[in-house]
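Novice: predicted model, plus sequence, below.
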Amino acid sequence: MLDKKLLIKSPDIVKKNLLTRGYIFNDDFWNNLEQERKIAQVNLETNQENLNKLSKEISKVKDDETLIEQASLLSSLVKQDKEILQSIQNKIEEFLLDIPNLIHDSVPVGEDETFNEVIEEVGDIPNFSFDPLDHSFFIEKSDEGRGAKIAKSRFSALSGDLAKLHRVLGQFMMDIHTNDHGYEELYVPYLINKTSLIGTGQLPKFEDDLFKLNGNTDLYLTPTAEVPVTNLHRDEIFKAEQLPIKYVCHSPCFRSEAGSYGKDTKGLIRQHQFDKVELVKICHPDASEDEHLKLIEDACKILELLELPYRKVILSSGDTGFSATKTVDLEVWFPSQNTYREISSCSNFSDFQSRRTNLKFKADKGNKFCHTLNGSGLAVGRTLAAILENYQTEEKSFSYPKILNKYL
RNA sequence: GGAGAGGUGGCUGAGUGGUUGAAAGCGCUCCCCUGCUAAGGGAGUAUGUGGUAAUCCCGCAUCGAGGGUUCGAAUCCCUCCCUCUCCGCCA
């Protein structure tokens, strides 16, 4: 949610900014709505004030027929005014919830992912003396179609070494982030309500991407731990010295993957269910750019310890997600595809989610909205896939990163 | 799932139709006094929002959430959510 005051004061700035992500801000619609709101609100509050005064009169005089009659009339007027204002405010709310976050100055402008910019490449791309196999070769050997049998396509059942490697990877990442990077570990619900999803920006716009539970409930399967973790402190006010808050959470994630038919159908790249270790920060607005850099480093560290070649990519304005002001993706090398694939997405949401979740801190002059950040540290399934690809041997087998020895 | 109790400001806790946005206490902030690891006195201390650019001023809203009754609701009625106790069930 954007700052209403900014929308009122400088709609042109907002419009220009949002255009860089291909969003057309309807300023005429907004201005009219805001005008209407102002008139309706002043009208209601004036009538309410008069009614309150009258009621006080009545309480002093008691049983004054004419006064009560007057008040009765005014009361019905106030009731009408309330309905009018409410309907305008509903429209405003609906409109505001649909507007994406502003793009940060440092983000390259461009309409789609072709304008993304590689910041840095780290690690040496492996040189195989044979044609590297797609990681799905190993997955399929383990799964044998059973994930699809017991659930449906885009689900995998891993066994033996792969299942163990998968478990160990999650644990390894958690250990690094809690022990070396100072994040507090969380365990959270995997079913989350609508309010939480609105808070982080998945709803109302992206309902199709989610699995919703049937029955008399507003619960959804969590698409990322970002949702429960960021919402953990909803409607809370921090002391300035409590910030930054740093959380890490290992959780399964569920996504409908609507609209990705035919894409990455094999292997672990695009599943309805996958595990992810998520880093979430809540911080002072002045600190968010710095905290973003550190968060990216924390995620990179995992790739480096696993000795996987990767690159950092800053997303262009057009490719940056709805809630983010700036996003840096980490992409890991996939030899079979001869390309880098996303394994982590680290975003700064500025105060966008804080406004939606009412997440504040005590500042010198009143309470201010915090900034929120998050990033994968890392997606576990994709990490497993990357290891299978980069550590494969000519004998159609694979080895492990040294750092995992103590776990295996 | 059954039966009962309850949700009030940072916390404890009064308040069952009319200056109650809310007593009192604790905590916190500032001032005074005193002078030594403390005590006493005074003042202040919710949030959101509108009029406005404003941290002043004035108004409106908020006592779990949403409706209703009423001139007027923290107080009465309805629905929902949550917490606690006992029973049942269960990992």
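Specialist: It's in.

Novice: going forward, measure contacts and count neighbours with C-alpha atoms only.
Specialist: Fine.

Novice: the stretch 151-300 of chain A: helices as residue ranges?
Specialist: Per DSSP state H, counting those that start in this stretch, the stretch 151-300 of chain A carries helices over the ranges A:160-175, A:194-200, A:226-231, A:288-305.

Novice: what is the rounded mean pLDDT of the last one?
Specialist: Averaged across helix A:288-305, the pLDDT comes to 98.

Novice: check the shortest one too.
Specialist: Over the span of helix A:226-231, the pLDDT mean works out to 95.

Novice: still on that earlier bit, save the helices of the stretch 151-300 of chain A as TSV, and put in distance to residue A:239 too.
Specialist: Output for the helices of the stretch 151-300 of chain A, formatted as TSV (distance: least, C-alpha to C-alpha, whole Å):
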stretch	distance to residue A:239
helix A:160-175	27
helix A:194-200	21
helix A:226-231	17
helix A:288-305	16
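
Novice: could you dump these to JSON lines with mean neighbour count and distance to residue A:131?
Specialist: Output for the helices of the stretch 151-300 of chain A, formatted as JSON lines (neighbours: other C-alpha atoms under 10 Å; distance: least, C-alpha to C-alpha, whole Å):
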{"stretch": "helix A:160-175", "mean neighbour count": "17", "distance to residue A:131": "22"}
{"stretch": "helix A:194-200", "mean neighbour count": "22", "distance to residue A:131": "43"}
{"stretch": "helix A:226-231", "mean neighbour count": "24", "distance to residue A:131": "38"}
{"stretch": "helix A:288-305", "mean neighbour count": "19", "distance to residue A:131": "23"}
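
Novice: of all those helices, which one is nearest residue A:36?
Specialist: Nearest to residue A:36 among those is helix A:194-200 (25.6 Å), distances taken as C-alpha to C-alpha.

Novice: how far is that closest one from where the chain is centred?
Specialist: Taking C-alpha atoms, centre = their mean, to the nearest Å, one finds helix A:194-200 lying 10 Å from the centre of the chain it belongs to.

Novice: keeping just the C-alphas, turn stretch A:87-105 into CSV.
Specialist: The C-alpha trace of stretch A:87-105 is given here as CSV (Å, rounded to 0.1, in the frame of the first residue of the first chain):
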residue,chain,number,x,y,z
SER,A,87,-18.9,3.0,0.2
ILE,A,88,-16.4,5.6,-1.0
GLN,A,89,-13.8,4.3,1.4
ASN,A,90,-14.4,0.7,0.2
LYS,A,91,-13.7,1.9,-3.3
ILE,A,92,-10.6,3.7,-2.2
GLU,A,93,-9.3,0.6,-0.3
GLU,A,94,-9.9,-1.6,-3.3
PHE,A,95,-8.1,0.8,-5.5
LEU,A,96,-5.1,1.2,-3.2
LEU,A,97,-4.7,-2.5,-2.6
ASP,A,98,-4.3,-3.0,-6.3
ILE,A,99,-1.4,-0.5,-6.7
PRO,A,100,2.1,-2.0,-6.7
ASN,A,101,5.0,-0.5,-4.7
LEU,A,102,7.0,2.3,-6.1
ILE,A,103,10.3,1.4,-7.9
HIS,A,104,13.5,2.4,-6.2
ASP,A,105,15.8,4.9,-7.9
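
Novice: can you list the weak-confidence ranges in chain A?
Specialist: The model of chain A has no residue with pLDDT under 70.

Novice: got the domain boundaries for it?
Specialist: Per automatic domain parsing, the structural domains of chain A span A:26-97, A:113-404.

Novice: picking up where we left off before, tell me which of the helices of the stretch 151-300 of chain A sits nearest to RNA strand B.
Specialist: helix A:194-200 (11.5 Å; C-alpha to the nearest atom of the strand).

Novice: coming back round to it: to residue A:242, which of the helices of the stretch 151-300 of chain A lies closest?
Specialist: Judging these by C-alpha to C-alpha, what sits closest to residue A:242 is helix A:288-305, at 14.5 Å.

Novice: tell me how far the closest one lies from the chain's centre.
Specialist: Worked out by C-alpha atoms, centre = their mean, helix A:288-305 lies 17 Å from the chain centre.

Novice: show me what contacts residue A:74?
Specialist: A:47, A:51 (C-alpha atoms under 8 Å, 6 or more residues apart in numbering).

Novice: do a quick rundown of the strands in chain A.
Specialist: A:117-122, A:184-186, A:191-193, A:219-221, A:237-239, A:245-254, A:273-283, A:310-314, A:326-334, A:339-348, A:360-363, A:366-369, A:371-379 (DSSP state E).
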